[in-house]
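Visitor: Next input, structure requested:
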Amino acid sequence: MGDRANFAFKQTDTNTIVLYGHWAGHNMLANLAMAVDKARGRWADESYATRICISQLVGSEWNTETGWGMQVNSISDNEHKIPVINWGTQTFSLHEEAPHSFDSQIRGVNDEPIFTMSLDNFVKKYSPALV
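Guide: Presented below is the predicted three-dimensional model:
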């Protein structure tokens, strides 16, 4: 059981840091939009922006043994579409899951996005604090 979700943060070196949340699917885009907004002052500094977003999403659960995980270039168990934050292009995109056997930039994620928008438009559209 769970509500498994993955959040991808594309780095300019072509690697992607993926945060896995076992119970993170509920309101996942709203939670991600709030985290991206908290990182707004560091959008041009991907290491800080990624850390701020991950810290915001994990919240007070840093000391637990379960619930959250991280990988590079691959998703974990998943039950939702996969959001990808690209700091270099300052965009948000949403992707379908793909079989891990497919050759894709992020293992388990379809390279072709369902849609893409600017980070600013993503935050404006999905952040409940701004709606």
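Visitor: quick one: Thr116 is in a strand?
Guide: Yes - counting by DSSP: H, G, I helix; E, B strand; the rest coil, Thr116 is part of a strand.
Visitor: Could you report the pLDDT at it?
Guide: Note for Thr116: predicted pLDDT of 98.
Visitor: isn't it right next to Thr91, touching?
Guide: Yes - counting by Cβ atoms under 8 Å, Thr116 touches Thr91, with 5.3 Å between them. C-beta: built from backbone N, CA, C; applies to glycine.
Visitor: Within the helices and strands, which one has Leu94?
Guide: strand 91-95 (DSSP states H and E).
Visitor: That strand - contacts with which helices or strands?
Guide: strand 82-86, strand 115-118, helix 119-126 (3 or more Cβ pairs under 8 Å, 6 or more residues apart in numbering; DSSP states H and E).
Visitor: Tell me which residues of stretch 38-47 come out buried.
Guide: Residues of stretch 38-47 classed as buried: 38-39, 42-43, 46 (neighbour count, 16 or more other Cβ atoms under 10 Å).
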